[in-house]
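K.L.:
3D model of this:
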Amino acid sequence: MGNVRPVLIVALVALGCFNLCYGGEEFSEELLLRPLPDRKVLAHFHFESTTPPTKDYGHHHHLFPKAIYQLVHKFRICELELSFTQGRWNYERWGGSDPISSSNAKPPGVELWAIFDVPLDHVDATWKNLTHTLSGLFCASINFLESTTAYSTPAWAFQKSSGSLRYGALPREAVCTENLTPWLKLLPCRDKSGLASILDRPAIYRGFYHSQRLRITSNEFGSEGIEPGIDLEQTLTIVVQPDDQRTSMSYSSGKIQQPDWSISSIFGRKISGTCVLARSSSVFLELESTLVSELNKVGVDNAASDGDITFPGFELSVAPVRVIKERRSSSVLFEFSVDKYHDDNPLDIGVKWKHPVVWSCVQAPFQANRFLLGSGNERGSIVISLRSTVSQRIFVGDEFGDGCEVQVVIFQVVPWYVKIYFHTIQVFLDGQLELTSAVIEKIQVSPSEDRVSPGVMEVALRLPCSTMSAVITVNFDKGFLHIDEYPPDANQGYDIPSAVVRFPDIQASSHYLGDNSSLDSPILSKFQENNPVLSYTEVLLVPLATPDFSMPYNVITITCTVFALYFGSLLNALRRRVGEEERLLKQKAAGKTALLPLILSKLSSKLRVRSHESHKSASPSPLLSNKLIMKAILLAGLAVAWHFYFG
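P.N.:
Reported below is the predicted structural model:
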């Protein structure tokens, strides 16, 4: 007992020091894996860092990144979201109404929006300074959003705010490792340990889709509805194709065998332990309700009983710690704890399928697409198409009843050089033209101003549940740019950012049932939040009238040539003196003629002096005589050459 007491005291002291240093801050890391119907795999990394209010904890932090803390206090940020995305989320195959597709599926390029706690007349200046800071922090061209022509002020269609919200997007921004490395440096353990250690760069960037997202929520300035302190949420969503060449098919059912995969086959690495600073570290494997239903149809029973579960439809290489079921559907979530794994015993979760299976992800009420109509460089039309997902429709009210309607909110930002005529908006339901007053519940537009601000359209539609397709069209004219405003690749065209389509009546949330400890999972807590279903349309490429940039060069070249020939000939004719030139030419010719005899006389005198000296020498050297001969020959050759060229 005498030895146990000192050890216990030391442990209590260490625990007290840890609580003193890190008790106010928390960091957690989680990974969600999900098989997709098109033989791909979704990997969703979720890292969350929190810190208490500054008035209670102070300005010094041990886990929370200092750069983010300074960013929040410098610009008084209430909410901020920044995303870097490469590729486009496939809503039809990868889902459109779950929390991941609604919150983490982002448009291509860079998207940034922020809400500030500053006076309204200081919001624009704060936004400009913020874009420059983020540009240097993440090695990106976010500073291009500082111009008033690149960002907008949504009123109600995007996020609810009191005029202090700013939104901007860069559709053509390229995403590479230069943006991922600063993002990883915000983690306490970076990518040296924990779940981030498996993020192999080639595995990420050869995927079909990847999006790194950073979201900040702060209550440092008295905002309501947000927990005290600062919350930093970092997510990385990747869609990859497993390296499995097996394509066996059951010809009787037409079902393609899903590929076998594991963490090591996707990322080339295994999870060798947790980040020592993480409060929790877990890996989840999710089976959607449609997949579970399909497995049940083929006789596969995935029902859990007494905490045990069998997997006749597939095999797991690692036994899960627990199985969690979704409250409103048959979705299943397998949880794996990373705490007991280390370098000698790494975690490598793998799935091996036994039966071919085909399923489809849960869709939003309507599939949104956008395209252009018209030809030429003068005018055209923007078309937003909403196609009903009949097989998996989610209704509000009685199905196919008179009171059944679906609300659709569209937020569209258009650059100033695409001049939208908002009075030309037309709505077609199932191919029939409808009165806008009967379909559009409310609308707010902000016409563009040349070289000052873009055009903004916010429109809310009420569509009957029986609607199979809805089409919204609006006409536009194409403007002209100054030659200094054209980008280097002007002939490629100009990008219009993605339109945002929201379904406020449909909530994208998942409530998984488990023991009380399930509430400690940040990712499951995020899944339970009631956020409206949100999707993004395609990026439009608009060709504009582009001048021939080679013409200025050609004009300058021809003009300079003509002026040189003209003024050169004119000056030559004005400055020439015929008599003086003839006299100079005669003097030059006489000088050239008299030069050769002078050289020959000097050569002969030197030869006579050398021969006289050689006779006086008692023992003449044959080497000296050879040198004299060579010099004589060389001088003779020079004389002949001089006479030939100048004689």
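K.L.:
Just the buried residues of stretch 353-362, please?
P.N.:
By neighbour count on 16 or more other Cβ atoms under 10 Å, the buried set for stretch 353-362 is W353, H355, P356, V357, W359, S360, C361, V362. No exception for glycine: its C-beta is placed from N, CA and C like everyone else's.
K.L.:
how distant is it from the center of its chain?
P.N.:
Put simply, stretch 353-362 sits 31 Å off its chain's centre (Cα atoms, centre = their mean, to the nearest Å).
K.L.:
What is the end-to-end distance of it?
P.N.:
Stretch 353-362 has an end-to-end distance of 22 Å (Cα to Cα, to the nearest Å).
K.L.:
Reformat the buried residues of stretch 353-362 as CSV; add secondary structure and distance to W127.
P.N.:
Output for the buried residues of stretch 353-362, formatted as CSV (DSSP: H, G, I helix; E, B strand; the rest coil; distance: Cβ to Cβ, whole Å):
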residue, secondary structure, distance to W127
W353, strand, 49
H355, coil, 54
P356, coil, 52
V357, coil, 49
W359, coil, 44
S360, coil, 41
C361, coil, 36
V362, coil, 36
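K.L.:
Check those residues against Q159 and report the nearest one.
P.N.:
V362 (24.3 Å; Cβ to Cβ).
K.L.:
Touching, the closest one and W94? I think so.
P.N.:
No. Using Cβ atoms under 8 Å, V362 makes no contact with W94, being 10.6 Å away.
K.L.:
Tell me which stretches of the stretch 251-400 of the chain form helices.
P.N.:
Here the stretch 251-400 of the chain has its helices, by DSSP state H, counting those that start in this stretch, at 263-267, 289-297.
K.L.:
just checking, what packs against the shortest one?
P.N.:
On a contact count with 3 or more Cβ pairs under 8 Å, 6 or more residues apart in numbering; DSSP states H and E, helix 263-267 meets strand 41-51, strand 350-353.
K.L.:
Tabulate those (JSON lines), appending mean pLDDT and distance to A278.
P.N.:
As requested, the helices and strands packed on helix 263-267 are exported to JSON lines (pLDDT from 0 to 100; distance: least, Cβ to Cβ, whole Å):
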{"stretch": "strand 41-51", "mean pLDDT": "96", "distance to A278": "9"}
{"stretch": "strand 350-353", "mean pLDDT": "92", "distance to A278": "23"}
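K.L.:
Could you say which of these is packed most deeply?
P.N.:
Greatest average neighbour count among those goes to strand 41-51 (a mean of 23), per mean count of other Cβ atoms under 10 Å.
K.L.:
residues touching T126, list them.
P.N.:
For T126, the contact set (Cβ atoms under 8 Å, 6 or more residues apart in numbering) comprises F75, R76, F116, V118.
K.L.:
Return a selection command, for use in ChimeraX, containing the buried ones of the residues you listed.
P.N.:
Paste this into ChimeraX to select the buried members of the contacts of T126, with burial taken from 16+ other Cβ under 10 Å:
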select :75,76,116,118
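K.L.:
mind putting the contacts of T126 in CSV, distance to S569 and pLDDT included?
P.N.:
Shown next, in CSV, are the contacts of T126 (distance: Cβ to Cβ, whole Å; pLDDT from 0 to 100):
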residue, distance to S569, pLDDT
F75, 66, 95
R76, 71, 94
F116, 68, 94
V118, 68, 93
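K.L.:
Tell me the one among the contacts of T126 nearest to E220.
P.N.:
R76 (8.0 Å).
K.L.:
shaky segments in the stretch 101-250 of the chain?
P.N.:
Counting by pLDDT under 70, the stretch 101-250 of the chain contains low-confidence ranges at 222-227, 244-250.
K.L.:
Try it again at 80.
P.N.:
160-162, 222-228, 243-250 (pLDDT under 80).
K.L.:
Helices along that one, start to end?
P.N.:
Using DSSP H, counting those that start in this stretch, helices in the stretch 101-250 of the chain cover 123-138, 177-185, 201-205.
K.L.:
Remind me what the second one packs against, helices and strands.
P.N.:
In other words, helix 177-185. Judged by 3+ Cβ pairs under 8 Å, 6+ apart, helix 177-185 is in contact with strand 77-86, helix 123-138, helix 201-205, strand 209-218.
K.L.:
which one of these lies closest to L603?
P.N.:
Evaluated over the helices and strands packed on helix 177-185, closeness to L603 peaks at helix 123-138, with 76.8 Å, by Cβ to Cβ.
K.L.:
quick check: domain ranges of this structure?
P.N.:
4-108+171-362, 366-506 (automatic domain parsing).
K.L.:
which one of those domains lies closest to A590?
P.N.:
It is, among the domains of the chain and with distance given as Cβ to Cβ, domain 366-506, at 60.8 Å.
K.L.:
now that closest one: mean pLDDT?
P.N.:
Across domain 366-506, pLDDT averages out at 89.
K.L.:
one step back: including distance to G579, could the domains of the chain go into JSON lines?
P.N.:
What follows is these, written out as JSON lines (distance: least, Cβ to Cβ, whole Å):
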{"stretch": "domain 4-108+171-362", "distance to G579": "70"}
{"stretch": "domain 366-506", "distance to G579": "54"}
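K.L.:
Quick one: closest of these to Q528.
P.N.:
Among the domains of the chain, domain 4-108+171-362 comes nearest to Q528, with 8.6 Å by Cβ to Cβ.
K.L.:
Figure out which of the helices of the stretch 101-250 of the chain is closest to S453.
P.N.:
Among these, the nearest to S453 by Cβ to Cβ is helix 123-138 (10.8 Å).
K.L.:
That closest one: how far from the chain's middle?
P.N.:
Counting by Cα atoms, centre = their mean, helix 123-138 comes out at 17 Å from the chain centroid.
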